[in-house]
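*Asks:* Sharing a model prediction with you, sequence too.
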Amino acid sequence: MADDDDKPKKHTLDSLFMVYCNYKANPTELENEQFDCILLSQIDAWLEQAKLMPNPIARTQTGLLYMRYKKWRLGYEDFLELITQLVVDNNLILDEFKQIMIEAGPPSGATDIVIVK
């Protein structure tokens, strides 16, 4: 009987969220700092990776939605609200949208290794 540890781990939306939160993050004075909130540029990079941008979703659309939060970075719950609004505004199906984002995988060129639980 094979151990579960031997099976390849699959990403989930929340595990990929953590990967993108730290993708192209500016280095700070704190070594090994991990971010748990996402920037607009990181959301756009994820949507581009998923081939959801520039069509059906435009950069201006994500920017306008993002600015409603009046925060520098969005937490996971705010991120879920943002993508839900994108889905509604573009007449898409939420579960399919999330699946496309999951299938996009980690950012191209990212070297970070993330443990998926």
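*Replies:* Cool, the structure landed.

*Asks:* which one is the spatially most central residue of the chain nearest to, not counting chain neighbours?
*Replies:* The residue lying closest to the centre of the chain (Cα atoms, centre = their mean) is Phe17, at 4.1 Å. For Phe17, ignoring the flanking residues on the chain, the nearest one in space by Cβ to Cβ, 6 or more residues apart in numbering is Tyr76 at 5.6 Å. Just so you know, the C-beta spots here come from the backbone N, C-alpha and C atoms, and that holds for glycine as well.

*Asks:* Asp89 now?
*Replies:* Gln61 (6.9 Å).

*Asks:* Neighbours of that neighbour, how many?
*Replies:* 17 (other Cβ atoms under 10 Å).

*Asks:* where's it relative to Glu77, distance?
*Replies:* Distance of Gln61 to Glu77, given as Cβ to Cβ, to the nearest Å: 20 Å.

*Asks:* what about Met53, which helix or strand?
*Replies:* For Met53, there is no host helix or strand (DSSP states H and E).

*Asks:* Would you tell me what helix or strand the closest residue to it other than its chain neighbours is located in?
*Replies:* Closest residue in space to Met53, ignoring its immediate chain neighbours: Leu47 at 4.0 Å, by Cβ to Cβ, 6+ apart. Secondary structure from DSSP H and E places Leu47 in helix 40-49.

*Asks:* next one: Tyr23
*Replies:* Using DSSP H and E, no helix or strand contains Tyr23.

*Asks:* Verify the stated contact: it with Ala45.
*Replies:* Yes. Applying Cβ atoms under 8 Å, one finds Tyr23 in contact with Ala45, separated by 6.5 Å.

*Asks:* Could you name every residue contacting both of the two?
*Replies:* Pro107 (Cβ atoms under 8 Å, 6 or more residues apart in numbering).

*Asks:* Can you pull the poorly scored residue ranges out of the protein?
*Replies:* Judged by pLDDT under 70, the chain has its weakly predicted residues at 1-9, 25-34, 109-117.
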